[in-house]
Structures are given as structure tokens and as C-alpha cells.
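> Let's see this in three dimensions:
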Amino acid sequence: MIYWTYNTFLTLCLPVVVPYIVMKVRRRSGPGRGLGERLGFLGPKRPSEQDHPVWFHAASVGEVAMTLPLIHAVRERFPQLRPIVSTMTETGQEAAERALGDRGIAFFLPLDYPWTVGRVLGTLTPRALFIAETEIWPNLLHQCYRRGIPVVLFNGRISDRSFESYRRFRFFFKEVLGGISAFGMQTERDGERIVEIGASRDRVVITGNLKFDRPVLRPTKGEFRMIRSSLGLQARQAVFIAGSTHGGEEEIILQVFRQLKRFEPSLVLILAPRHLERLGEVIKTLEQGHFLWVRKSQMPTDGFSGEVILLDTMGELARIYSIGTVIFVGKSLVPGGGQNILEPAAFGKPVIFGPHMENFREIASVMKREGAGIEIRSEKELSEAAQRLLTDRSYYTRASRAALRTIQNNQGAIQKTLQIFGRYLEGEALSA
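Take a look at the predicted model:
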């Protein structure tokens, strides 16, 4: 009865869902592929019999980046297995395709209808399905259960907002979660929450956060020079990076940047909006402020002598963090849940962020406690924190070392997660 009600609702939504997806993929090359895969048609992607595919689902580019080291660890331990990765966003799809190359398959997650999910499972016949974080798709889980395909939720977390919604419909989610064989949760709080909304306690394991298991990155001098050169920067020019910014944050950042120029006249701002469809809005703000700016994609070949570089390309922010002097990570000064502050920390960079870090609460707490993260709540506090990083070398060195220490001291989630996976990849799992 529960699934009948859910599927009836989804069917009523179909006339709205399909046109929305068509509009979303129309501007991209190959829109038929995007729509076709979401409707369960994988075309030539059917794996051969000897592939023994393992299906990983990582919704967006952040989850893909977090999942890739785990996929590498699975392939090292089980070299006969071939990874297949589904995503929900175009940027996540591009990241997965680049990383997998011809060693795996990347495709868009089908819409959660019984016929689309069933078609994909029939095409792929995966040995197991591993789902990043908390992507709960009832028909996908139900179909896997009926076909005897084990499902593991890994790096699971339950945000405050999601928890209230899940708990309100516990009668539904308790049955849905019964189709999951194991839950690898980030923290004790996440573990308690997944149990409260219906998971069996004996299937829950606390693994830590996979985002800490990214390697400590040390660019060579040549790589460092190449990145700076591609941005037209001078050898010792200080750089203020504002990454993954959202509406309402750019105006504050630009005001702070103007104040910081009084202390560091050569300072350059690299402004990286989280969503590129907001570029027009950000450009308008830059022009109203009379800043000298340039798009990264239109960087002049004879160097850059302006103030602001607008990062309008995909997939470059993570490595650009390596050249930052002051780094602010957005979606945190405005209510939005925050973004991943461990990307710059992996380069030994102190990170400034706002108070709205609900989706990264534990990471933000650890970073603050270790002295690697600086939480600010206003334009004034952002200006003060950035100024100190620019002018107090001793403080900057301590915070930089704390960032590296925080990454190293909280690693180990990959091995704990791999132990869970091994139960199902080695055929030793009990029935879900």
C-alpha cells in the first residue's frame, strides 16, 4: 500500500517532471542522452558478463570527488570488479567521466519509477549498490531488495532539516530503509538519527567522514607556478579566494576586498560563484562597484593587471585553492548549509566560513577546535579575520599546520567503509 501510494503520486507528477528535465538538458550537447538515461535507457552502456559491475551513486560533483578514492580502494582490493557511477547533475557526470575514463561507466540516475529503475537494474545487473551520503530513493531500494542486490549507504549523514522531514514520515521510511543492508554513518549523531527514522540498529556502523580521507596535497613548485601563471599573477602577489559563493555573499566579499587593499595594495580577488548560471548577476555587482575584473576564460595572454578574476570555468577551484593566501568558503554567510571546507585545508590553508554550516557541522566544529577554521558572522569579522591572515605570519603558519593536522588526524573512513563493502563483494553477506 505504501509503495502504491508513492508510485501513484509520482505518476501524477510525470507530466511536470519530464518537461522540466527536457528544459534542463536542452542547452547541453546530447540532450537525448540525458533524458534517455533518466528514463532508464542506457544504450551501449550495458557491461559485459565478465565485468562484475559494482554500482556507486554519487549525486553531485562533491560526492563524486569524495567517492573516487573509495572506488580506487575497491578496485585495488577487488581488481576483477568494474565500477559504474550514477550522478544527478551535469557537473557530477563530467567529473565521473573524466575520472573513470574507459575503466568504468558513468550515467545519470534514472527517475525513481518502478519501470525506469527496473530497466536499469536489468541492464546493469550490479553485484551491489553503494549510495553516497543519504540518497533515499524508495523504488530503487525496493527493486534492489526484490532482486537480492545488497545496498550499502556510505558516508551517511542526516541534516537537521532532513531529519524533521524523515521523522514526520517514519511509517514510510521504516519500510523503505528495510531494503538497505548496511548504513555507514559519519557520526554517532547521524547513526542515532538513522535509527530513529527506521533503520535497524544492528546494521549501523560509524565510519567517520570520507571527506577527511582526501590526500594531503603538496603541489610542486612547477605546478604552483603554472597555476599562478594561468591566472596572470606575479610571483609573490597575495590572493584572496572566495569559493562557492551564493547570492548575498558577493557584495560583502567585495566590500571586504576593498578594505583589505588598504593593507595589501597588490591583493587580487578570485571570485568563484557556486552556480555558473549566476554569472550575470555577479558581473552586474562587479560593474556597479567599478572593479577592474576579467573572466578566467578570457584571461589576456599578456598578463592581468586588474583586481578581480571571475572564475567562470568548471573543475578548477579545488586546485586554485592551493595558491590562496586568504580563503573564504561560501554558502555559509547566508543560510545555505555551507560547502566543503576540507578542499582548501588539504593544501594546508586556514579557512574562513560563515555561521551557516549545517551540512558540514562536524567538519566545521573540528576545524575550529584545531585552530584551522575561522567562523565569522559579519562583514566586519570577515575583514578582521582576513587582515590577520595577511599580516600576522606567525598566526598564519600555526593555522596552516593545524589545517594539515586536522586532515591527517581524522582519516580512516575509507578502510572502515571498505570493511563493510567487503562483506558483500566477497559474497559473505547475510540476506538483506
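> how about the helices in the stretch 1-150 of the chain?
Ranges of helices within the stretch 1-150 of the chain are 2-26, 31-38, 61-77, 90-100, 114-124, 138-147, based on DSSP state H, counting those that start in this stretch.
> Can you give me the buried ones in the fifth one?
Spelled out, it's helix 114-124. Buried residues in helix 114-124, counting neighbours by 16 or more other Cβ atoms under 10 Å, are found at Pro114, Thr116, Val117, Gly118, Arg119, Val120, Leu121, Thr123, Leu124. All C-beta spots, glycine's among them, are computed from the backbone N, C-alpha and C.
> circling back to that earlier point, would you format the helices of the stretch 1-150 of the chain as a markdown table with mean pLDDT and distance to Pro215 included?
Below are those laid out as a markdown table (pLDDT from 0 to 100; distance: least, Cβ to Cβ, whole Å):
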| stretch | mean pLDDT | distance to Pro215 |
| --- | --- | --- |
| helix 2-26 | 76 | 34 |
| helix 31-38 | 71 | 31 |
| helix 61-77 | 92 | 8 |
| helix 90-100 | 88 | 15 |
| helix 114-124 | 92 | 30 |
| helix 138-147 | 95 | 32 |
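> Tell me if Gly184 really is in a strand.
Yes. Counting by DSSP: H, G, I helix; E, B strand; the rest coil, Gly184 is found in a strand.
> who are the neighbours in contact with it?
Counting by Cβ atoms under 8 Å, 6 or more residues apart in numbering, Gly184 touches Val152, Leu153, Phe154, Asn155, Gly156, Val205, Thr207, Lys416, Thr417, Ile420.
> do that again at 10 Å, thanks
The neighbourhood of Gly184, defined by Cβ atoms under 10 Å, 6 or more residues apart in numbering, consists of 130, 152-156, 190-191, 203-208, 210, 413, 416-421.
> Give me the neighbour count for Arg405.
Here the number of neighbours of Arg405 (other Cβ atoms under 10 Å) works out to 16.
> let me redo that: Arg278
Applying other Cβ under 10 Å, I find that Arg278 has 14 neighbouring residues.
> Contacts only, for it.
Thr245, His246, Gly247, Glu250.
> Repeat the analysis, applying 7 Å as the threshold.
Contact partners of Arg278, counting by Cβ atoms under 7 Å, 6 or more residues apart in numbering, are Gly247.
> circling back: and the contacts of Gly184, which are buried?
Here, 16+ other Cβ under 10 Å leaves 130, 152-156, 190-191, 203-208, 210, 413, 416-418, 420-421 buried among these.
> Could you measure from the residue nearest to the spatial centre of the chain over to Arg262?
The chain has Gly62 as the residue nearest its centroid, 1.6 Å off, counting by Cα atoms, centre = their mean. Distance, Gly62 to Arg262, using Cβ to Cβ, to the nearest Å: 35 Å.
> Report all helices and strands that the strand or helix carrying Val282 contacts.
In this assignment (DSSP states H and E), Val282 forms part of helix 279-288. Here helix 279-288 touches helix 250-260, strand 268-273, going by 3 or more Cβ pairs under 7 Å, 6 or more residues apart in numbering; DSSP states H and E.
> what's the angle between it and helix 250-260?
Relative orientation of helix 279-288 and helix 250-260, computed by axes from the mean of the first three to the mean of the last three Cα atoms, to 10 degrees: 40 degrees.
> Now do the buried residues in helix 279-288.
For helix 279-288, the neighbour count (16+ other Cβ under 10 Å) marks Val282, Thr285, Leu286 as buried.
> So which of those residues is the closest to Lys331?
Val282 (14.2 Å; Cβ to Cβ).
> Near Pro79, how many other residues are there?
Neighbour count for Pro79, taken as other Cβ under 10 Å: 8.
> ok, now Ile407?
25.
> And the pLDDT for it?
Ile407 carries a pLDDT value of 94.
> Buried residues, the helix or strand hosting it. List them.
Counting by DSSP H and E, the element that carries Ile407 is helix 393-409. By 16+ other Cβ under 10 Å, the buried positions in helix 393-409 come out as Tyr396, Ala399, Ser400, Ala402, Ala403, Leu404, Arg405, Thr406, Ile407.
> which ones are touching Glu188?
Contacts for Glu188 (Cβ under 7 Å, 6+ apart) come out as Ile206.
> re the thing from before, run the chain-centre distance for whichever helix or strand comes after the helix holding Val282.
Moving toward the C-terminus from helix 279-288, the next helix or strand (DSSP H and E) is strand 293-295. Once both centres are worked out by Cα atoms, centre = their mean, to the nearest Å, strand 293-295 turns out to sit 26 Å from its chain's centre.
> and strand 293-295, which residues are buried?
Neighbour-count burial for strand 293-295 flags Trp293, Val294 (criterion: 16+ other Cβ under 10 Å).
> hey, which helix or strand in this structure has the poorest pLDDT?
Ranking every helix and strand in the chain by mean pLDDT, DSSP states H and E puts helix 31-38 at the bottom, with a mean of 71.
> coming back round to it: out of the buried residues of helix 114-124, the closest to Leu140 would be?
The closest of the buried residues of helix 114-124, once distances to Leu140 are taken by Cβ to Cβ, is Val117, at 4.9 Å.
> now for the helices of the stretch 1-150 of the chain, which one comes closest to Ile84?
With respect to Ile84, and counting by Cβ to Cβ, the nearest of the helices of the stretch 1-150 of the chain is helix 114-124 at 6.2 Å.
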